[in-house]
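>>> sequence plus predicted model, see below.
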Amino acid sequence: MAWTAPRTWTDGELVTKAIMDPHIRDNFLAVGPHLIARKTADQAVVGSTTLVNDTHLSASVAANEHWHYTLYLLYDAPTTGDLKVGFTFPTGRAVSTASHWSAAGAIDLQSIDSGASATTLAAGGFGGNAAGSRLILVMNVIFVNGGGSGTFQLQWAQNAASGTTNMFTDSTLWGVKLA
């Protein structure tokens, strides 16, 4: 949703929904990221590299919408298990991501692109620091939906099957509707 220059009101003007929405509601939605979803419980994956849906971090999308999402993922993972993430979304859509992860002096930057006809997208491994050592992964995602509605869904698993990987409460999905 783009910013609309606020109108000049006149005395005695009848204010309707059609007049107010673009100037008040839509402008509030356009000024910055809004919390779309917050993880309200921990979730674990044990010894599995199969991507599973996150139980909280997803967003409904309508046809032809464009979104910028930012995810803050709080996790721990075994040093040999690591974390991999992915997304599912309606068919025939495009997703591009850039992510930043750092721990113990290591920095990992990844950029991935789904192309125009994918329905899933998966990023390689983000390091683990052992159980109890919480890490944060920040991902920025540009999502361009096509002609159908559906769900933009975070998925995650271990990059190598080993021990337990946890995604913690207060991981978040923020969004700004671009169009």
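Structure received. A quick note: this is a predicted structure, and the numbers were derived from the prediction, not measured.
>>> may I ask which helix or strand of the protein has the lowest mean pLDDT?
strand 106-113 (a mean of 58; mean pLDDT, DSSP states H and E).
>>> neighbours of the residue nearest to residue 127 when sequence neighbours are not counted, how many?
Residue nearest to residue 127 in three dimensions, not counting chain neighbours: residue 82, with 5.6 Å by CB to CB, 6 or more residues apart in numbering. All C-beta atoms are positioned from the backbone trio N, CA, C, and that covers glycine. Neighbours of residue 82 under the rule other CB atoms under 10 Å: 21.
>>> do you know how far residue 82 is from residue 144?
29 Å (CB to CB, to the nearest Å).
>>> cool, residue 44 as well?
32 Å.
>>> all the strands of the protein, residue numbers only.
34-38, 43-46, 52-61, 66-76, 83-103, 106-113, 118-126, 135-144, 150-157, 164-167, 172-177 (DSSP state E).
>>> now the angle from the fourth one to strand 172-177?
With axes from the mean of the first three to the mean of the last three CA atoms, to 10 degrees defining the directions, strand 66-76 sits at 170 degrees from strand 172-177.
>>> strand 66-76 to strand 52-61, inter-axis angle?
Going by the same axes, to 10 degrees, strand 66-76 makes 150 degrees with strand 52-61.
>>> between strand 66-76 and strand 150-157, how many degrees?
Using the same axes, to 10 degrees, strand 66-76 lies at 20 degrees relative to strand 150-157.
>>> quick check: mean pLDDT of strand 66-76?
Averaging pLDDT along strand 66-76 gives 91.
>>> one step back: of residue 44 and residue 144, which one has the most company?
residue 144 (18 against 10).
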